[in-house]
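Trainee: what follows is a predicted protein model with its sequence.
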Amino acid sequence: MPVVIVDGQEIEIGADERLNCIEVARRAGKEIPHYCWHPGLSVVASCRMCLIETGQRDAATGKITMVPKLVPGCQTPVKDGTVIVTESPLVKDSRARVEEALLIDHPIDCPICDKAGECLLQDYHFQHGQPERRADLQPFHSRKRDVGPTVTLFVDRCIMCTRCVRFTREISGTAELMVTSRGAKEEIDVFPGHPLANKLSGNVVDLCPVGALGDKDFLYQQRVWFLKREANVCGGCSAGCSIHTEHNQDAVYRLKPRENPHVNTWWICDEGRYGWHHLHDQSRILDAARKAASPSHRGSGATPATETVEWADVVVKLRDDLKTAGRLAVAVSPMLTIEEAWMLCAVARSIDPEAFLSLGFVPVKGEDETFPGGFTIRAEKCPNRKGVEEVLALYGAGGHSWNDLVAHVAAGKADAAWITAGYPGPWIDTAVADAFANLKQLVVQDLFDSPLMRLATWRLPATGFAERAGTWVNVAHHAQSFRQAIRPPAGVWPEGRLFWNMLGRRGLYDATAVRQQLAASSPAFTALAGEMPATGVDLRIHQLA
Amino acid sequence: MTPFKPVLLEAVGVPDGHTIASYKSRGGYAPLEATLAGKQPADVIEMVKASGLRGRGGAGFPTGLKWTFLPKDHPGPIYLCINADESEPGTFNNRILMEDDPHQVIEGIILSSFATRASTAYLYLRYEYPRSWHRLQDAIDEAYAAGYLGKNIRGTSFSLDIYLHRGAAAYICGEETGLIESLEGKRAWPRIKPPFPAIEGLFRKPTVVNNIETMACVSQIARRGVDWFKSIGVPADPANPRDPGSYGPKLYCLSGHVEKPGCYEAPLGITARELIDRFGGGVWKGRKAKAVIPGGISMGLMTESELDTPLDFAGPGKVGCLGLGTAAVVVIDDQTSIVDFLHNSARFFAHESCGQCTPCREGTSWSLRILERIKAGKGRLKDLDILLEIGNTMGMMPGSTICGLADGAAWPMKNAIKKFHSEFEDYIKRTNPSGWMVTDPVPALQIAGAH
């Protein structure tokens, strides 16, 4: 195995690994500071922050010959015997000078900059900069430029790492951003009439190591040091991108991509990134309620009286109502986690052993869209169809679709239906909803009002993606577990908690315990046993092996 | 020294010397025909290697050796790029060659393409040379008509097309990978190396980039022979194994404060003093030289006492200059302020820095700001230390930049401040009697007209 020497420490690397000095140093616990290098983009070696000393150890004699000048760590591949020095006086001086140079044209307007607190220029200045400014002091200036619907460019804060430019050329393939002018007059800009308006545009804000690119959605909303982050999975489509939900006091402020080589690498799409606002929509359904009126009043147009039901009572009364009604049909939403889906199926079968189970409504918008960098936005706008189908298969209902359920109900084969939904937007029209009009009991569990909700005898609130814990299985059978990031509003019980209690289980709902049981009881879910890695596992791992 | 008869400049002053008829009457294209009739590409490479020809573009890299870096038996296209983006301040020898003897250049391009197996050559011409543009295009048309360009030249399997490309006036396009990027239609940001152009260059194919004067030398070597070429110039220094010698004639561009500025051909190794006195008619107005730029502004400065330095590839380096560069000798007389000189130099490099690497982008602009302030009477002695530090740390040599532009900006700064330190000190103390000793940061001046 090739051995690389990082500051005297021998690091073994894989025989066919192609690594640069920054990556190898990281394995040795040494951070080589860098701005322009990003593992997902081409190497330009232009910021010169990662300059280090390198050399080569002769395999036969063990003698080390050093290169007589500094080299960029990002551009220098390592091989057996490569020697890397990351902390020599020469390297430290060079870093201090690059920091100083970058600050010459920087406004240093940290107090009003959104990036403050997570800014590489700040961090590196404290780690590697010099204590005193030597450059001529300039009056404060901070020009703003609108470069697109989602992004504002703070021109003077830019350090010209060109990550954003390379992103639009290499990953989104849209090439809106460019560099204009020359030398210290250089600026990032867009071509006239061609704003930064691609479906991945928000990623340039994540890529920006300083506060030059601001996300309009997040701008001036919150200081980043107040934010807490939870590893989550995006519920926007069946790609299931790994994200960090950044929140404070049960309010989400922004979503950031979380690096996951199996799923989304370093990126997320704008639809996912900004797709959390529905969580804090004022029109969300917050109370569990039961219609007091008799079924004959339904469809007459008059709003029947409803009574709010305490959650503890829901557990009992819902079961009783459904049991009394008779034949049950249940739609298991692809927005639910596999733990919730599994428990819901168990609840349904405990009420009616013959209950008809099916997949819930699967929202589809357009077609899958793949970008030149390989990133794909899926047309299927739900995160867990694959997972719910696997769960349904355990109950002998693997092939049942939403349309099957609608037909089943329309044919009068059910007396009661329990529809789980949880979609962020409108999903059902009156024509489809009418099929459910003549049921004795209709339970609808959703985020917002809908034609179906208006027919419901039981109206239950659903929870959004950041408010639940569990496991989703994406379109490529990749399962990722996540924890709850924020609490749902107004004491709403997440679906998992309701099903857990309806199953009569003790204590607080524990998604991990349910996952372990699921993994133990079904070969299809064996891969989920034990501790889940942060990047998830492929459900088919055992079948593949 | 024996009288030297110009070879590269033999067409200068000849009526219609730029036409193919005139060129052929001087023996032109006969070597090409002989080469195509009976020689192999390897023979031409061997000839150029044996001649010791070093690239005339500035770096002085051995031309034949550069050609051998191309991959052997490469199946795809190989490109030859001719660098005529002559923008080093003080340099105009390529222009003379292109305007007065374009066929000498074209024959060299054809021979070099034959040697490197390139079937496409791009000539990247500086925007500000409209006359060269027309002369070259006319000459290329003539060469096509005469059957020296096109498909199956002279009945052989060798084909060559030359495309004339006009740049858009940026200094950085003269850097070989900047030129390649620009030819590809991109922003001329020099590429990181490796890979070197010989492995992956234009359109990601093996590419050789050579200077106009180098091409003219190839023509002359083919016509007059290796022995003739090696009889001119300075042989390799036996004490220095890394010195391949400086052979052949060289076009020196003499300008500045001399009586007769112009482009003069002389054997490599002529001293600056001899060049100024014998060709330039001495420093103008009977004054003395204060400093002389040996080869374009980026090479630094020689003082009066260093003027006996031979202007070969190794000479200027011995007195602390960067090298021979383009052999553009600029004379600065003793009435000129060296502060003004350095300010002018800094203004050029701050304007022309491509802005890719932080140390160059910010270093050139910071040094200009400091010099603007010094000239505005607000200089401090500390500024000289900062300027020297910037000069010592930016560039390819310390490893802090991708290309050599920053070295070119650093050298005049280092040379001027080291060799004329007392003048800078006096200037600062005289113009800023109350503040020259301040070391705290000072307010920046508004810079007008720097760009």
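Mentor: Perfect, thanks for sending it. Numbers count the residues shown, from 1 in each chain, chains lettered A, B, ... in the order given.
Trainee: what about the closest residue in space to residue B:14 that isn't next to it in sequence, which helix or strand?
Mentor: What sits nearest to residue B:14 in space, not counting adjacent residues and going by C-beta to C-beta, 6 or more residues apart in numbering or on different chains, is residue B:22, at 6.1 Å. The C-beta positions use only the backbone N, C-alpha and C, and glycine is treated the same way. Residue B:22 belongs to helix B:20-25 when elements are defined using DSSP states H and E.
Trainee: buried residues of that helix, list them for me.
Mentor: The neighbour-count check on helix B:20-25 (16 or more other C-beta atoms under 10 Å in any protein chain shown) flags B:20, B:22, B:23 as buried.
Trainee: could I get the contacting residues of the first one?
Mentor: Contacts of residue B:20 were listed using C-beta atoms under 8 Å, 6 or more residues apart in numbering or on different chains, and they are B:28, B:29, B:103, B:139, B:142, B:143, B:146.
Trainee: how about these in CSV, adding pLDDT and distance to chain A?
Mentor: Conversion of these to CSV gives the following (pLDDT from 0 to 100; distance: C-beta to the nearest C-beta, whole Å):
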residue, pLDDT, distance to chain A
B:28, 93, 40
B:29, 95, 42
B:103, 96, 36
B:139, 97, 33
B:142, 96, 37
B:143, 96, 36
B:146, 95, 42
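Trainee: can you pick the most crowded of those?
Mentor: Comparing those by number of neighbours (other C-beta atoms under 10 Å in any protein chain shown), residue B:103 comes first, having 29 neighbours.
Trainee: so where's the chain uncertain?
Mentor: Just so you know, I chose chain A. A:293-304, A:543-545 (pLDDT under 70).
Trainee: meant chain B actually
Mentor: For chain B (pLDDT under 70), the answer is B:1-3, B:447-451.
Trainee: grab the CA positions of the longest strand anywhere in it and hand them over as CSV.
Mentor: Ranked by residue count, the top strand of chain B under DSSP state E comes out as strand B:249-256. Extracted in CSV, the C-alpha atoms of strand B:249-256 (Å, rounded to 0.1, in the frame of the first residue of the first chain):
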residue,chain,number,x,y,z
PRO,B,249,21.4,35.9,-34.1
LYS,B,250,18.9,37.9,-32.0
LEU,B,251,16.6,40.8,-32.7
TYR,B,252,17.2,43.4,-30.0
CYS,B,253,14.5,46.1,-29.6
LEU,B,254,16.2,49.2,-28.4
SER,B,255,14.0,52.0,-27.2
GLY,B,256,13.8,54.6,-24.5
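Trainee: for that strand, which helices and strands make contact with it?
Mentor: helix B:93-100, helix B:212-224, strand B:262-267, strand B:328-333 (3 or more C-beta pairs under 8 Å, 6 or more residues apart in numbering or on different chains; DSSP states H and E).
Trainee: could you redo the last one with a cut-off of 10 Å?
Mentor: The contact analysis (3 or more C-beta pairs under 10 Å, 6 or more residues apart in numbering or on different chains; DSSP states H and E) places strand B:249-256 against helix B:93-100, helix B:212-224, strand B:262-267, strand B:289-293, strand B:328-333.
Trainee: can I get the ones you listed in a markdown table with mean neighbour count and distance to chain A?
Mentor: Output for the helices and strands packed on strand B:249-256, formatted as a markdown table (neighbours: other C-beta atoms under 10 Å in any protein chain shown; distance: least, C-beta to the nearest C-beta, whole Å):
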| stretch | mean neighbour count | distance to chain A |
| --- | --- | --- |
| helix B:93-100 | 24 | 23 |
| helix B:212-224 | 25 | 25 |
| strand B:262-267 | 20 | 29 |
| strand B:289-293 | 25 | 22 |
| strand B:328-333 | 24 | 23 |
